[in-house]
Structures are given as structure tokens and as C-alpha cells.
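Asker: Build the 3D model from these lines:
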Amino acid sequence: MSKLLLIEDDHTLSDLLCEYLSAQGCEVSQAFDGEEGLKMATSESFDVILLDVMLPILDGFEVLKKLRATHLTPVIMLTAKGDDFDRIFGLELGADDYLPKPFNHRELLARIHAIGRRIDYVKQASQQTQLMNINHVTLNESARRVSVDGHELTLTGTEFAVLYQLMVHVGKVVSKDALSQHVLGRRLAPFDRSIDVHVSNLRKKIAKYNDTNCIQTIRGSGYVFLDQ
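Answerer: Residues are numbered from 1 along each chain as shown. Next up, the predicted model:
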């Protein structure tokens with residue numbers, strides 16, 4: 001059973017989603033403005049946060065920015081259909097995934113389950129120790145930690161999963177679609193830049209401590225993590 005926090009100011013939509021997700025076995029808490037949502041998100045433990053962009057008091061971006069300063073709880077942004085800026089900006093701030101409104105309730109549940117499977121995988125991996133030290137980057141799978149030249153990085157669960165997939169296939173091209181299926185649990189849709197933004201975030205965080213371009217773009221194919 002997933003414990004969810006739904007931050008949505010549309011009471012009718014919030015109640016409908018709450019009813020549906022509860023019927024699917026999820027435990028759902030509701031918040032109707034950004035300030036209330038941020039307070040709940042930072043004072044309680046949730047498996048996934050469903051965060052609307054257009055919120056009173058604090059908008060979804062402000063909530064996410066403040067949340068990421070202290071918490072790495074997975075976040076799915078609920079954005080306006082066709083608003084690419086909202087989607088990309090949310091991912092740049094550290095959202096794990098996004099879903100444009102209006103959406104099918106089953107699609108939302110699938111996104112939640114995909115994050116749940118990733119969390120379960122990390123828990124299972126904690127029973128084993130896999131340490132990779134490649135091109136100045138050290139990834140400890142069991143401890144879920146990444147460092148660059150000894151400096152620890154703060155990564156979201158999605159960023160960690162993307163980096164793991166690239167490092168475990170070091171020297172080989174990993175397609176964007178393969179990354180999307182492994183990390184987000186879905187095929188990459190046309191014009192979907194989710195993986196691009198997560199990789200961009202990784203590059204920025206790595207470059208803070210070492211300017212080596214260890215993640216290279218292979219145009220039309222995907223990405224490759226270089227071994228030197």
C-alpha cells in the first residue's frame with residue numbers, strides 16, 4: 001500500500017482522485033494549498049507526493065523548491081496540458097515525473113506504481129553491495145549514495161536511477177526509451193524531454209565538483225557514460 005500526499009486546490013478533482021486511489025489500496029492525505037501541502041510533506045513521511053502546479057499561497061514550483069532543500073520524497077507534478085515550460089521547469093527543480101491534465105486515473109496509478117517498483121528495487125538492492133567507481137564518480141547502490149571526487153551529491157530517486165543505468169552499462173549507449181522504461185516505467189512519448197532534463201540535472205551536479213563530461217549525448221541514440 002502506497003502512502004500518498006495529494007496537493008490539489010480543486011476540491012472536486014482532489015476528492016475524485018482520493019476516492020479512486022483509496023479504492024486501489026492507497027492511503028491518501030489531502031492538502032488544498034501550497035503552504036498546507038509543504039507543511040504536511042515536511043512533517044510526515046509519504047511514498048509519493050502528487051503536486052499540482054497552480055496552487056494558492058505557494059504555487060507548486062515554490063513547494064517543490066522548498067521541499068527539495070530538505071526532502072527527496074518522489075514527486076509527480078500535475079501540469080496543464082501542453083504547457084511544456086511547466087513540465088520542464090518542474091523536472092529541473094527535482095520532480096521525478098509529470099502528468100498533464102486531464103489525465104486517465106489509471107495512468108496516474110501506473111506512474112505511482114512505477115515509482116513504487118523503483119523504491120522496492122532499491123530496498124532489495126540494499127541486501128547486496130554494488131560499488132561502482134568510474135571516471136571520478138562513485139555510486140554505492142546499497143547505500144544509495146553518489147559522490148564525485150569524494151564530494152557527496154544529493155540526487156532525487158529518479159536521478160539516481162538514471163545514473164545507475166548509465167554506469168552499469170558504462171561505455172555503451174543507453175537509449176532514451178530504455179532509460180524511460182527502466183526509470184519511469186513507461187515508453188518515451190514523442191517530444192517527451194523528461195529523460196533529457198534528468199540527465200541535464202545530473203551533469204550540473206557532477207560538474208560542480210569535476211568538469212569532466214562523463215555523460216555524453218549520442219545524437220539520435222541516447223547517452224553513454226564514459227569510462228575515462
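Asker: how about the closest residue in space to residue 136 that isn't next to it in sequence, secondary structure?
Answerer: Spatial nearest neighbour of residue 136, excluding adjacent residues (C-beta to C-beta, 6 or more residues apart in numbering): residue 210 at 4.6 Å. Any C-beta I mention is one placed from the backbone N, CA and C, and that applies to glycine too. At residue 210 the chain is in coil, as set by DSSP: H, G, I helix; E, B strand; the rest coil.
Asker: so residue 210 touches residue 149, yeah?
Answerer: Yes. Residue 210 is within contact range of residue 149, at 5.3 Å (criterion: C-beta atoms under 8 Å).
Asker: and those two? which has more neighbours close in?
Answerer: Per other C-beta atoms under 10 Å, whichever of residue 210 and residue 149 has more neighbours is residue 210, with 14 against 11.
Asker: gap between residue 159 and residue 131?
Answerer: Per C-beta to C-beta, to the nearest Å, residue 159 is found 18 Å from residue 131.
Asker: one step back: show me the common contact partners of residue 210 and residue 149, please.
Answerer: With contacts defined as C-beta atoms under 8 Å, 6 or more residues apart in numbering, the residues adjacent to both residue 210 and residue 149 are residue 136.
Asker: one step back: would you enumerate the residues in contact with the residue nearest to residue 136?
Answerer: Shown in contact with residue 210 (C-beta under 8 Å, 6+ apart): 136, 148-149.
Asker: With distance to residue 26 and pLDDT added, can I get these in JSON lines?
Answerer: Shown next, in JSON lines, are the contacts of residue 210 (distance: C-beta to C-beta, whole Å; pLDDT from 0 to 100):
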{"residue": "136", "distance to residue 26": "41", "pLDDT": "94"}
{"residue": "148", "distance to residue 26": "37", "pLDDT": "96"}
{"residue": "149", "distance to residue 26": "41", "pLDDT": "94"}
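Asker: quick check, nearest of these to residue 117?
Answerer: Nearest to residue 117 among these: residue 148, at 27.8 Å, using C-beta to C-beta.
Asker: Assess the claim that that closest one and residue 206 are in contact.
Answerer: Yes. In this structure, residue 148 is within contact of residue 206 by C-beta under 8 Å, at 5.4 Å.
Asker: In terms of secondary structure, what does the helix or strand hosting residue 99 contact?
Answerer: In the assignment (DSSP states H and E), residue 99 maps to strand 97-101. Strand 97-101 is packed against strand 75-80, helix 84-92, helix 105-125, with contacts defined by 3 or more C-beta pairs under 8 Å, 6 or more residues apart in numbering; DSSP states H and E.
Asker: got the buried residues for the worst-scoring helix or strand of the chain on mean pLDDT?
Answerer: Across the helices and strands of the chain, mean pLDDT, DSSP states H and E gives its lowest value to helix 105-125, namely a mean of 81. Within helix 105-125, the residues that count as buried by 16 or more other C-beta atoms under 10 Å are 108-109, 111-112, 114-116, 118, 122.
Asker: before we move on, what about stretch 57-70?
Answerer: Those would be 58-61, 63-64, 66-68, for stretch 57-70 by 16+ other C-beta under 10 Å.
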